[in-house]
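> Structure for the following, please:
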Amino acid sequence: MDVLCSVLSQLPMEEAVKTSILSCQWKYIWCHQTSLNFNCKTIMPRVAWSTREAVRQEFIKRVNAVLRQRNGAGVEKMNIRFDLDDRHAADVDRWVNLAIASKTKVLTLELWLDSPAIVYRLRVSDPERMEPYNFPFQLFDECNGSHLRSLHLSTVSLKLPTNFKGFLNLKKLYLSGVSITDEDLGHFVSKCSVLEFLGVLFCTMLETLTIPHSANQLKHLQIRCCPLLHKVRLNYSLKMLVYKGPVTYFVSDRTSSLTDACINLLDVRTSLKHLFAELSGSTSCPKSVATKCRDLERSIPPRSSTCFLGLRHVKLEVTILVSSESGTDVLDLGHLLKAAPSMEKLELHMWMRRKHKPYCRDDGDLRILPAHPHSHLKLVHITGFYGHKDQLELADHILRNCVVLEEMKVDPRVAIEKLSTSEDEYEESRNLDGLRVASEFLHDADRHGALTVSLSLPRPKVTMIWI
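Got it, this is the predicted structure:
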């Protein structure tokens with residue numbers, strides 16, 4: 001019996017339930033499965049229903065029927081994903097109670113079928129819409145809450161009681177589209193002393209996110225699309241930061257141990273302004289930074305000081321939209337050599353919608369930044385190289401100043417997502433222009449034989465014919 005239960009525990013629930021028809025002995029073995037996954041695919045038949053509420057009631061009926069056959073068997077993981085709200089609180093409370101009684105370690109409540117962004121827009125357009133389900137913190141105490149290791153809540157309301165004791169062994173917390181205030185989130189995290197991962201997605205009430213010092217085990221912070229968030233106070237123990245959204249100021253009270261930062265800015269007008277003015281002055285420098293944004297205007301970086309003493313790896317994904325004297329100048333990125341003296345790897349991935357002709361000798365001499373020998377940069381990868389003058393000047397500056405350069409790849413093809421496909425018909429000619437310009441003008445600056453200019457062709461499709 002133990003062997004059979006172990007085998008069924010590796011199957012999806014719908015497959016495990018099907019084994020009940022094999023024999024009388026097999027009829028209830030599936031009830032010992034330790035992972036329960038309730039959603040449209042696993043529990044609802046493929047039939048048409050008269051109303052959406054009828055679908056909800058059938059879903060609730062089927063979940064209750066499954067749980068009644070559990071006979072108190074333990075549940076390691078419980079995942080509930082369906083369109084439910086505060087009207088169905090009694091049933092959802094009952095399921096949470098069963099998870100508590102079963103000492104569930106991983107609990108997921110995603111009470112909407114659409115994305116949190118769609119849910120938010122629907123609520124704004126329909127103010128009479130029912131309130132989201134209010135997560136029942138009152139059902140947990142220091143004893144029965146100690147079994148939780150991972151908690152994923154989506155499209156629910158979180159109102160912490162004054163006597164909230166927290167989850168003593170919770171290591172992962174993910175909040176998606178939840179209604180929670182700055183104060184409640186800070187209090188929530190402070191009561192989870194061993195928390196290692198915190199994810200926050202589309203929490204529209206948050207304005208300031210503060211990681212308390214009591215959460216000194218937190219290593220990974222992920223923030224995505226919180227439209228009002230303007231300030232994040234980091235914990236000194238943080239190792240990895242992933243951020244997507246509008247420009248936000250990051251600050252740390254103590255020396256941060258942050259090693260990796262991946263930042264996707266949705267409303268910034270220049271990557272350099274953020275790198276030099278915001279990121280460098282707000283927290284201790286990580287070893288790896290990845291920034292993605294759309295560049296619309298030029299911003300001159302400071303030239304008098306180094307900003308990123310510990311930075312080893314820089315990855316920039318830049319979409320350049322404006323063609324004018326005030327627009328982005330790619331050569332400005334050459335100041336990174338001075339700002340990051342310990343940088344070992346640089347990736348620059350570009351896509352340009354602006355229309356410039358490729359460089360030729362009639363366009364005048366190349367501009368040259370002040371010489372600044374760099375003794376650590378070994379690997380450079382540039383994509384989206386169309387052969388524009390400022391692109392050529394940047395590549396030339398890197399080649400002339402990096403004294404230990406081992407490999408520099410220049411690729412005209414675009415490696416990042418394009419905002420438009422309307423110019424795809426010109427893409428091949430741009431690739432050939434970039435290939436010609438790089439091959440003609442960069443080799444003189446290549447003192448170490450590190451330069452490789454090529455087109456990274458996609459892998460050919462393989463058709464297998466069976467005879």
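> And residue 16, how far from residue 329?
61 Å (C-beta to C-beta, to the nearest Å). C-beta: built from backbone N, CA, C; applies to glycine.
> Same check on residue 453?
According to C-beta to C-beta, residue 453 stands 22 Å off from residue 329.
> With residue 389 instead?
Taken as C-beta to C-beta, the span from residue 389 to residue 329 is 10 Å.
> And residue 387, by the same measure?
For residue 387 relative to residue 329 (C-beta to C-beta), the value is 16 Å.
> Of those two, give the one with the bigger neighbour count.
Set side by side, residue 387 and residue 329 show more neighbours around residue 387, with 26 against 20, by other C-beta atoms under 10 Å.
> if I look at residue 241, how far off is residue 62?
Distance from residue 241 to residue 62, by C-beta to C-beta: 41 Å.
> Which of these two has more residues huddled nearby?
Using other C-beta under 10 Å, the more surrounded residue of residue 241 and residue 62 is residue 241, with 22 against 15.
> Correct me if wrong: the more buried one contacts residue 234.
Yes: using C-beta atoms under 8 Å, residue 241 is in contact with residue 234, at 7.3 Å.
> what's the overlap in contacts for those two?
By C-beta atoms under 8 Å, 6 or more residues apart in numbering, residue 241 and residue 234 have these common neighbours: 221, 250, 258.
> This protein - how does it break down into domains?
Domain assignment for the chain, taken from automatic domain parsing, gives 1-33, 259-467.
> Stretch 212-225 spans what distance, first to last residue?
End-to-end distance for stretch 212-225: 22 Å, by C-alpha to C-alpha, to the nearest Å.
> what about the helices in the stretch 1-150 of the chain?
With helices called from DSSP state H, counting those that start in this stretch, the stretch 1-150 of the chain shows them at 2-8, 13-18, 40-43, 52-68, 89-101, 116-125.
> So which of these is nearest residue 265?
Checking the helices of the stretch 1-150 of the chain against residue 265 by C-beta to C-beta gives helix 116-125 as the closest, at 17.6 Å.
> quick one: low-confidence parts of the stretch 51-200 of the chain?
Counting by pLDDT under 70, the stretch 51-200 of the chain contains low-confidence ranges at 70-73, 113-130.
> Quickly, which of the domains of the chain bottoms out on average pLDDT?
If you rank these by mean pLDDT, domain 1-33 sits at the bottom with a mean of 70.
> quick one: contacts for residue 361?
By C-beta under 8 Å, 6+ apart, residue 361 lies in contact with nothing.
> Angles on the backbone of it, please.
Here is the backbone geometry of residue 361 (degrees, to the nearest 10): phi -60, psi -30.
> What distance do you get for it to residue 385?
For residue 361, the distance to residue 385 - C-beta to C-beta - is 18 Å.
> do residue 398 as well
Noted for residue 398: a distance of 12 Å to residue 385, by C-beta to C-beta.
> now swap in residue 349 and tell me
Distance, residue 349 to residue 385, by C-beta to C-beta: 10 Å.
> neighbour-wise, which of these two wins?
Neighbours per residue, other C-beta under 10 Å: of residue 349 and residue 385, the larger number sits with residue 385, 29 against 19.
> Roughly how far does the more buried one sit from residue 444?
Residue 385 sits 17 Å away from residue 444, taking C-beta to C-beta as the criterion.
> Repeat that for residue 328.
Counting by C-beta to C-beta, the gap from residue 328 to residue 444 is 26 Å.
> out of these two, which sits in the more crowded spot?
Set side by side, residue 328 and residue 444 show unequal neighbour counts under other C-beta under 10 Å, the larger going to residue 328 at 28 against 10.
> Test my guess that the more buried one contacts residue 320.
Yes: the pair residue 328 / residue 320 is scored as a contact, 4.9 Å apart, by C-beta under 8 Å.
> ok, residue 109 - contacts?
Residue 109 neighbours (C-beta under 8 Å, 6+ apart): 80, 92, 96, 133, 135, 152, 153, 154, 156.
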